[in-house]
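# Dropping the sequence and predicted coords here.
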Amino acid sequence: MRSNNDLQFEVRSLSTAMDFNPYVKPHAMISVIPAMGSFPLLKNTHTQGVLFTPFEDDESSFTQEHADQIIDFVTAQRSNGVSLFLVNCLAGVSRSAAVCAALSKFYKDDDAKYFRTKRPNMHVYRTLLNRLRVRKESHG
């Protein structure tokens, strides 16, 4: 597994994720989709894995189970050598920014850029960051 310094978490909207081609570096994608919807599968030969996780941009639909899915996915991808994670939602402002901010805070102790340029959903941010910390404590 690579060091945390190599990790990158990039926020994308659906349209910038579709237009940003090609991703020429190995990467994994986390696609935050509406609870009752779907997004196109955005991948190419450099995509190592894709996680679709459905939750709304509100204060209740993101659960510990969603957080665990994201944590398990990131852990598995990191063990396969992936260091670039592209996280998209519809607008690329709130849900995906919250996921990136929480992951960056946990792994790199720095979430400032996501709060300067985006409006992370604080419920998603706190739930994911708390879950990351609890799992770290329980696994040593």
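That came through fine. Residues are numbered from 1 along each chain as shown.

# use CA for all of it now, contacts and neighbours both
Fine.

# Residue 105 is in contact with residue 111, isn't it?
Yes. Using CA atoms under 8 Å, residue 105 is in contact with residue 111, at 4.9 Å.

# Give me the helix or strand of the protein that scores worst on average pLDDT.
In the chain, the helix or strand scored least confidently by mean pLDDT, DSSP states H and E is helix 14-19, which has a mean of 66.

# Assumed residue 104 was part of a helix.
Yes. Per DSSP: H, G, I helix; E, B strand; the rest coil, residue 104 lies within a helix segment.

# how many neighbours does it have?
22 (other CA atoms under 10 Å).

# can you check residue 52 too?
17.

# now do residue 137
The local packing of residue 137 (other CA under 10 Å) involves 9 other residues.

# Show the pLDDT at it.
Confidence at residue 137, expressed as pLDDT, is 90.

# And what about it, helix, strand or coil?
Counting by three-state DSSP, the backbone at residue 137 sits in helix.

# Also residue 31?
Secondary structure for residue 31, judged by three-state DSSP, is strand.

# again, but for residue 128
helix.

# dump the residue contacts of the closest residue to it other than its chain neighbours.
Leaving aside its sequence neighbours, residue 128 sits nearest to residue 67 (CA to CA, 6 or more residues apart in numbering; 5.1 Å). Going by CA atoms under 8 Å, 6 or more residues apart in numbering, residue 67 touches 127-128, 131.

# What is the neighbour count of the residue nearest to residue 13 when sequence neighbours are not counted?
Leaving out its chain neighbours, the residue that sits closest to residue 13 by CA to CA, 6+ apart is residue 92, at 3.8 Å. Residues lying near residue 92 (other CA under 10 Å) number 23.
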